[in-house]
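> got a predicted structure here, sequence first:
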2 protein chains.
Amino acid sequence: MYLWYARGGAGGGPFLVMVMESDLQIAKQSATLRVKVEETLRQAIAKGRFKPGQRLVERELCEMLGVGRTSVREALRQLEAEGIITSFPHKGPVVSTITYEEAAQLYTVRALLEGFAGQQFAENGTAQDIATLQAAVVEFEAAAGSGVGSRLIDAKNAFYNCLMDGSKNVFVRQLLTSLHNRINLLRMTSMTQPGRLAHSVAEIKEIAEAIKNRNGPLAAAACKHHIDQAAKVALEYLRKNAVNES
Amino acid sequence: MYLWYARGGAGGGPFLVMVMESDLQIAKQSATLRVKVEETLRQAIAKGRFKPGQRLVERELCEMLGVGRTSVREALRQLEAEGIITSFPHKGPVVSTITYEEAAQLYTVRALLEGFAGQQFAENGTAQDIATLQAAVVEFEAAAGSGVGSRLIDAKNAFYNCLMDGSKNVFVRQLLTSLHNRINLLRMTSMTQPGRLAHSVAEIKEIAEAIKNRNGPLAAAACKHHIDQAAKVALEYLRKNAVNES
DNA sequence: GATTGACAGATTGTCTGATAATCAGTTTAT
DNA sequence: ATAAACTGATTATCAGACAATCTGTCAATC
């Protein structure tokens, strides 16, 4: 019981398969090709497959992904708008680089917005939201103990997602998502630094605790503190490994 | 003493002109066609030429602008990423609509970010920045007195631009620009409301004053207050003229 | 030897035409 | 009346073409 749709590209290679999930939900079959390209590239950049400063040549992407230039170019425009790639006229796009100063600014704004999100969550979040958040914290702690990197990343994302949802503000979510994407460019989970992880867990617990107690200001402070600490570690690392090109 | 480059579109209409400025600087001849389409459409939407909810049909845009589908489609992707248009797969883009709740959220985040920008400006802005800001305030007041709508809009934009620059934070600028673009969708300059304009001028003066005195917290409060007031008027108007579709 | 200018290759920017997929509305058949 | 089939419009995507622009190389000039 599945649908599939194949494109007979010249190279004989590329095709897409959309599987119907076992439950009643149809897998987002809609997702237009262009969107999949976007997601693939975003992932590739986030995972370091393409590194900051690296050129992204149209033709290569087309071959690599098995899609036409139209789809690739449109996807690139999207990523460009998101700020994770930068393109110069007639030179094509490169994965965005980020200077030390920009990274600092990025974390500053993130702290501001995430603090706000935390406060809103504490004041307006539903009981359901809070329960979800607590579950995310538990999973995060477990993931931290497990030592499995991918699980940790998933848990962290789940936590932030929940936090943004709880803020009940679409724009906070959008802006924060954008910032998160760009922070990924740093290719440095501050959590890979020794000792940071334990602190991180503790900080996150404080956030959840403040929210559970409906203490808005405290939640904001906890969020801000969490980001500030992460920023400190990340920026310190950046300074040492001075990765300044351009 | 000018260069010009014409594209003989089918309709005979469209062309681009690049003028060489009187000084040694060549006018940004670069601006790729796609970018010009973006700007044109953004303007058209901001000025109400296309109204929220209105469909944007590819072919029509091509004819209207005299460019190929490639350029139009890529420009649309950009605008979509910016949030000022929304597109559904296989149905094409429409100018984004914004609900009352979203508008409220929008203003909330804007107040937060603009308050932050004001604070940063007060604490980190250069003397030059402050001078520019003061000039912008003067022009704004003059524009308010002149009663010329377009001049008022320009002055307002100049002021906000200056404010964002003074914050010395690229991300604040980017995020705020994005929010401003979306607020334009409301097609309601809160300043068109009777009596609002005078208040607006007063509020802006307070912002500039606080910044001049290097009083960060006061600047933040003044910015926040300014946006909150604008929000109040705008939301009130929205509630009355309940423009809820979708 | 350093600067300038011309040339070639690579890549992007843009247009055009074609085909398949999808949506929305209308007509037809049960 | 409901469901099925048809139709027209529009989008999604590909392929191929050509002009514009960038980059590096190499010869010509001072």
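Alright, I've got the coordinates. Numbering: from 1, shown residues only, chains lettered A, B, ... in the order given.
> any bit of stretch A:169-183 sitting next to chain B?
Yes. Looking at stretch A:169-183 against chain B by CB under 8 Å from any CB of the partner chain, the contacts come from A:169-172, A:174-175, A:178-179. Where C-beta positions appear, they are placed from N, C-alpha and C, glycine not excepted.
> now do the strands in chain A.
A:3-5, A:16-18, A:85-88, A:92-95 (DSSP state E).
> least confident of these, on average?
Note on the strands of chain A: strand A:3-5 shows the lowest mean pLDDT, a mean of 32.
> for A:Q78, the count of nearby residues, please.
By other CB atoms under 10 Å in any protein chain shown, 21 other residues sit near A:Q78.
> OK, now which residue of chain A is nearest to chain B?
Nearest to chain B, among the residues of chain A, is A:A81, at 3.3 Å (CB to the nearest CB).
> just the pLDDT at the closest residue to that residue other than its chain neighbours, thanks.
Take A:A81 and drop its neighbours on the chain: the residue closest to it by CB to CB, 6 or more residues apart in numbering or on different chains is B:A81, 3.3 Å away. B:A81 carries a pLDDT value of 96.
> likewise for A:K28?
Reported pLDDT for A:K28: 52.
> next: A:L238.
pLDDT, A:L238: 88.
> again, but for the one 4 residues further on
With respect to pLDDT, A:A242 scores 64.
> how about A:K47?
The model reports A:K47 with a pLDDT of 89.
> would you mind measuring from it to A:G145?
Using CB to CB, to the nearest Å, one gets 24 Å for the distance from A:K47 to A:G145.
> the residue nearest to A:A81 reaches A:E74, doesn't it?
No. Applying CB atoms under 8 Å as the test, B:A81 and A:E74 come out as separate, 10.5 Å apart.
> of the two, who's got more company?
A:E74 (22 against 19).
> how about the more buried one, what does it touch?
For A:E74, the contact set (CB atoms under 8 Å, 6 or more residues apart in numbering or on different chains) comprises A:34, A:37, B:73-74, B:77.
> tell me the confidence at it?
As predicted, A:E74 sits at a pLDDT of 97.
> what's the spacing between it and A:L33?
Plainly put, A:E74 is 9 Å away from A:L33 if you go by CB to CB.
> pretty sure A:R239 sits against A:Y100.
Yes. Using CB under 8 Å, A:R239 is in contact with A:Y100, at 6.5 Å.
> chain A against DNA strand C: which residues are in contact?
With CB under 7 Å from any atom of the strand as the criterion, chain A meets DNA strand C at residues A:5, A:29-30, A:55-59, A:69, A:73, A:87, A:89-92.
> could you rerun that using 6 Å?
Residues of chain A lying near DNA strand C by CB under 6 Å from any atom of the strand: A:57-59, A:89-92.
> so which of the residues you listed are in helices?
Among those, DSSP state H puts A:58-59 in helices.
> got the contact list for the closest residue to A:A136 other than its chain neighbours?
Residue nearest to A:A136 in three dimensions, not counting chain neighbours: A:F159, with 4.3 Å by CB to CB, 6+ apart. With contact taken as CB under 8 Å, 6+ apart, A:F159 is in contact with A:133, A:136-137, A:140, A:204.
> among the residues you listed, which are located in helices?
Reading helices off these with DSSP H, I get A:133, A:136-137, A:140, A:204.
> possible to save the residues you listed as a markdown table with distance to B:A117 and pLDDT?
Formatted as a markdown table, those follow (distance: CB to CB, whole Å; pLDDT from 0 to 100):
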| residue | distance to B:A117 | pLDDT |
| --- | --- | --- |
| A:L133 | 30 | 97 |
| A:A136 | 32 | 96 |
| A:V137 | 33 | 96 |
| A:F140 | 33 | 95 |
| A:I204 | 29 | 96 |
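> returning to that earlier point: what residues are up against the residue of chain A closest to chain B?
By CB under 8 Å, 6+ apart, the contact set of A:A81 is B:77-78, B:81-82.
> and stretch A:196-209, what's buried?
Of all the residues in stretch A:196-209, those buried under the rule 16 or more other CB atoms under 10 Å in any protein chain shown are A:196-197, A:199-201, A:203-208.
> how about residues contacting that stretch?
Stretch A:196-209 is contacted by residues A:118, A:133-134, A:137, A:140-141, A:144, A:159, A:163, A:190-191, A:219, A:222-223, A:225-226, A:229-230, A:233 when judged by CB under 8 Å, 6+ apart.
> now, of those, which are buried?
Among those, those buried by neighbour count (16+ other CB under 10 Å) are A:118, A:133-134, A:137, A:140-141, A:144, A:159, A:163, A:190-191, A:219, A:222-223, A:226, A:229-230, A:233.
> narrow those to those in helices?
Those of these lying in helices (DSSP H): A:118, A:133-134, A:137, A:140-141, A:144, A:159, A:163, A:219, A:222-223, A:226, A:229-230, A:233.
> can you pick out the most distant pair from the residues you listed?
A:Q134 and A:V233 (25.6 Å; CB to CB).
> any low-confidence regions in chain A?
By pLDDT under 70, the low-scoring segments of chain A are A:1-30, A:242-246.
> quick check: residues of it near chain B?
When proximity is defined as CB under 8 Å from any CB, chain A approaches chain B at A:30-32, A:34, A:70, A:73-74, A:77-78, A:80-83, A:89-90, A:102, A:105-106, A:108-109, A:112-113, A:116, A:168-172, A:174-175, A:178-179.
> about what we covered before: who wins on neighbours among the contacts of A:E74?
Counting neighbours by other CB under 10 Å, B:R77 leads those with 26 neighbours.
> any idea how far the residue nearest to it when sequence neighbours are not counted lies from DNA strand D?
Spatial nearest neighbour of B:R77, excluding adjacent residues (CB to CB, 6+ apart): A:R77 at 4.2 Å. Plainly put, A:R77 is 12 Å away from DNA strand D if you go by CB to the nearest atom of the strand, to the nearest Å.
> do A:S146 as well
To DNA strand D, A:S146 is 38 Å away according to CB to the nearest atom of the strand.
> show me the domain layout of chain A.
Per automatic domain parsing, the domain ranges recorded for chain A read A:1-30, A:34-96, A:100-240.
> that older thread, okay if I get the ones in helices among the contacts of A:F159 as TSV plus distance to B:L41?
Converted to TSV, the ones in helices among the contacts of A:F159 look like this (distance: CB to CB, whole Å):
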residue	distance to B:L41
A:L133	40
A:A136	40
A:V137	44
A:F140	43
A:I204	43
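> if we take the residues you listed, which one ends up nearest to DNA strand C?
DNA strand C lies nearest to A:A136 out of the ones in helices among the contacts of A:F159, by CB to the nearest atom of the strand, at 33.7 Å.
> contact partners for the closest one?
A:A136 neighbours (CB under 8 Å, 6+ apart): A:155, A:158-159, A:162.
> reformat those residues as a markdown table; add distance to A:T126.
Listed next are those as a markdown table, based on distance: CB to CB, whole Å:
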| residue | distance to A:T126 |
| --- | --- |
| A:A155 | 22 |
| A:A158 | 17 |
| A:F159 | 17 |
| A:C162 | 12 |
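> now, which of those residues sits nearest B:L41?
Proximity of these to B:L41 was ranked by CB to CB; the top entry is A:C162 with 36.0 Å.
> could you report the neighbour count for that closest one?
A:C162 has 22 nearby residues by other CB under 10 Å.
> for it, give me its contacts.
A:C162 neighbours (CB under 8 Å, 6+ apart): A:129, A:132-133, A:136.
> need those residues in JSON lines (columns: distance to A:R214).
JSON lines is the format used below for the contacts of A:C162 (distance: CB to CB, whole Å):
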{"residue": "A:D129", "distance to A:R214": "12"}
{"residue": "A:T132", "distance to A:R214": "16"}
{"residue": "A:L133", "distance to A:R214": "13"}
{"residue": "A:A136", "distance to A:R214": "18"}
